[in-house]
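*Asks:* following is a predicted model, sequence given first.
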Amino acid sequence: MAQKQRFGWSMAASVLAVMVLVFAALVSSWLGLDAEARGRATLEQAAQLERDVADARVLAATVAALRAELALDALRGEAMDPRNRRVAAYQDALEALRAALARLGGATLLERERVLLAAAQQAIERFVRIATEGAGGPRSGPRPAQLRAASAQRDAARLLADQAIVQIRALEQQVAGRAAEAAEDADESARRARVLLIVFGGSSLLLALVLARTLSESIARRAELLGQLAELARVDSLTGVANRRAWDDELARGLERARRTGKPCTVALIDLDHFKRFNDTHGHQRGDALLRTAAQAFAARLRNDDLIARYGGEEFAVLLHGCGLDSALQLFERLQGMLPAGQTFSAGVADSDGKEESLAVVARADAALYRAKGQGRNRTLGAPRPA
């Protein structure tokens, strides 16, 4: 019982371990895939931010280039006509740059990135202010003085534009580094998810296979044990031959077989002569030994499909398939004298075609046994079939 309980606890622990590993595999895989999805989302955001910063850098360079061309037009004395295509392009590029910088301001930036963006915005606004003042620069005074003033303003605007581009380029490098890190994190999350899935999934599969094999072996052992127990339940523990329960079952099948095949079967009841006196004289242990020896001696002379059973006390029952009364009488006559120490037996034999009840056949054999004992024992008598 204790071994059964230990096996039960061990099996429950194994099943629980499989369930835990499977759950761990599912959870770790889900966490890994979730981390991978979040990493991919971060990577997409970083990539989009990197594209926006690159667009802002290009627009800043475009604004600076257009402003320089307009400054040259001013030095040549050309009027800043709003209908001039370069003026319109400059205004459009400037609005687009301001909008791009505003979008970057609304994005999720690190502190260092936000400082770079603010510096770039300030440089652009100062550039615009100086460039605007230069466009309406001094119109009076000597021409050389006007040219020097316009040139100074142009140089200051170009310097501010360069500063803004440098700040935007630094911001672009920061964002590009963050995008690269996000890509590495996403790849690492995917790799970790695959590793965890393989480790936990493989472990749970291996443990499940071991558990399945253990269960299979246990079921096989249990089936074998049940078969042994079932066999023991039909065997007499003292003599090793069939017991009364097995006899009742086999007798019913034997009569059915005789009725089906038309070949008779024979029932015999054997009683060891003066067994009580033997017990009283030699003791119960010697009496038990005699019962075992007699049972094995009888069984050794029977065919494989015949049956000998301990019927009760010192009495045995024998079932012979396909055997008539005369053949059975000859068999039991040969069995006389095979027991040790000159021990004899009395037997009553009745054959049947299977058309009568088992109790009736046994009753006829029992009646023949009593006649044999009444006639002095050490003999076998047959019982006639009912008319």
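*Replies:* Cool, the structure landed.
*Asks:* let me see the domain layout of the protein.
*Replies:* 2-208, 244-383 (automatic domain parsing).
*Asks:* out of those domains, which gets the lowest mean score?
*Replies:* In terms of average pLDDT, domain 2-208 trails the rest of these, at a mean of 71.
*Asks:* ok, and what's touching stretch 276-294?
*Replies:* Residues from elsewhere that reach stretch 276-294, judged by Cβ atoms under 8 Å, 6 or more residues apart in numbering: 238-240, 272, 275, 310, 314, 316, 339-341, 343, 345. For glycine as for every other residue, the C-beta is placed from the backbone atoms N, C-alpha and C.
*Asks:* next, the distance between the ends of it.
*Replies:* Between the opening and closing residues of stretch 276-294 lies a distance of 15 Å (Cα to Cα, to the nearest Å).
*Asks:* buried residues in that stretch?
*Replies:* Buried residues in stretch 276-294, counting neighbours by 16 or more other Cβ atoms under 10 Å, are found at Phe278, Asn279, Gly287, Leu290, Leu291, Thr293, Ala294.
*Asks:* could you do stretch 305-317 as well?
*Replies:* Asp306, Leu307, Ile308, Ala309, Arg310, Tyr311, Glu314, Glu315, Phe316, Ala317.
*Asks:* one more: stretch 103-117?
*Replies:* Leu104, Ala107, Leu109, Glu113, Leu116, Leu117.
*Asks:* same thing with stretch 257-274?
*Replies:* Buried-residue list, stretch 257-274, by 16+ other Cβ under 10 Å: 257-259, 264-273.
*Asks:* looking at those residues, which one is closest to Phe298?
*Replies:* Ile270 (7.2 Å; Cβ to Cβ).
*Asks:* neighbouring strands for the strand or helix carrying the closest one, and are they parallel or not?
*Replies:* Ile270 belongs to strand 265-272 when assigned by DSSP states H and E. Sheet partners assigned to strand 265-272 using DSSP bridges are listed as strand 315-321 (antiparallel), strand 345-352 (antiparallel).
*Asks:* and these, which is most packed in?
*Replies:* strand 345-352 (a mean of 26; mean count of other Cβ atoms under 10 Å).
*Asks:* after it, which helix or strand is next?
*Replies:* Counting by DSSP H and E, what follows strand 345-352 is helix 358-374.
*Asks:* how far does the next helix or strand after that next one sit from the chain's center?
*Replies:* Using DSSP H and E, the next helix or strand after helix 358-374 towards the C-terminus is strand 380-383. Offset of strand 380-383 from its chain centre (Cα atoms, centre = their mean, to the nearest Å): 68 Å.
*Asks:* also stretch 164-178?
*Replies:* That offset, for stretch 164-178, works out to 51 Å (Cα atoms, centre = their mean).
*Asks:* and what of stretch 363-372?
*Replies:* So, by Cα atoms, centre = their mean, the centroid of stretch 363-372 is 66 Å from its chain's centroid.
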